[in-house]
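[1] show me how the following folds:
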Amino acid sequence: MKEALDARDALATALTRAGIQLPAMDVRSPYPDETRYALVHLGLCSAPVAHALAEVITRGASR
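    Numbers count the residues shown, from 1 in each chain. Got it, this is the predicted structure:
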């Protein structure tokens, strides 16, 4: 769970620096006891946010 929380926070920080916000980011586990692993749930985003994400990823990948 801690690893997923840390990953969510790191991603949120990186997205904020790029001027992007995913308001529904969350951490969830498919297991009731939450001890096996957890997943970073990015939630829904609008088309403009999806385009902004694609642009930032493309710029970063071309470096």
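
[2] helix, strand or coil: sort out the residue nearest to residue 8 when sequence neighbours are not counted for me.
    Residue nearest to residue 8 in three dimensions, not counting chain neighbours: residue 40, with 4.8 Å by CB to CB, 6 or more residues apart in numbering. The way it works is simple: take the backbone N, C-alpha and C, and place the C-beta from them, glycine included. What DSSP: H, G, I helix; E, B strand; the rest coil gives for residue 40 is strand.

[3] distance-wise, check residue 40 relative to residue 21.
    From residue 40 over to residue 21 the distance is 15 Å, taken as CB to CB, to the nearest Å.

[4] okay, the two: which has more neighbours?
    The neighbour comparison of residue 40 against residue 21 (other CB atoms under 10 Å) goes to residue 40, with 18 against 12.

[5] which residues touch the more buried one?
    4, 7-8, 11, 25-27 (CB atoms under 8 Å, 6 or more residues apart in numbering).
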